[in-house]
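K.L.:
Fold the following, please.
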Amino acid sequence: QVQLVESGGGLVQPGGSLGLSCAASGSIASIDAMGWYRRAPGKERELVAGISSGGSTNYADSVKGRFTISRDNGKNTVYLQMNSLKPEDTAVYYCYSDLYSLINSKLKRYWGQGTQVTVSS
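P.N.:
Take a look at the predicted model:
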């Protein structure tokens, strides 16, 4: 059994900052890529940022220069630091982890439960 637990969402004013974290736990053999998606009301799910096991990162154009993704491999945790937040960043943010579990030899994507980020004055 593998779980991804997110934390750090909330309400922030435009221009403010917020940090998210997502910790993977359970029967984990190894973790490949990790990252974040978001879904805003009435919109499709969007990839926000991803990070490979080696630390290579990619970002949606809409968040480049404002968001930073990082990971701590020792803690099986991925982070998303969000600065200069805008109302259009309001969404439910979901973390993901592509990993090999101890009971499944195939690479599988696991998801966090989602955390609400609201940017509003």
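K.L.:
Find the residue at the geometric middle of the protein.
P.N.:
Centroid-nearest residue in the chain: residue 36, 2.9 Å away (criterion: CA atoms, centre = their mean).
K.L.:
And it, how far from residue 66?
P.N.:
The gap separating residue 36 from residue 66 is 13 Å, by CB to CB, to the nearest Å. Using the backbone N, CA and C atoms, a C-beta is placed for each residue, glycine as well.
K.L.:
tell me the pLDDT at the closest residue to residue 13 other than its chain neighbours?
P.N.:
Using CB to CB, 6 or more residues apart in numbering and skipping the chain neighbours, the partner closest in space to residue 13 is residue 121 (5.3 Å). Residue 121 is assigned 95 on the pLDDT scale.
K.L.:
Burial check on residue 121, number of neighbours?
P.N.:
Neighbour count of residue 121, defined by other CB atoms under 10 Å: 8.
K.L.:
please begin residue numbering at 21 from this point
P.N.:
Sure thing, new numbering starts at 21, so read that last one as residue 141.
K.L.:
quick revisit: what about the residue nearest to the centre of the chain, is that helix, strand or coil?
P.N.:
Three-state assignment for residue 56 (DSSP: H, G, I helix; E, B strand; the rest coil): strand.
K.L.:
isn't it right up against residue 40?
P.N.:
Yes. The pair residue 56 and residue 40 passes the contact test of CB atoms under 8 Å, sitting 7.0 Å apart.
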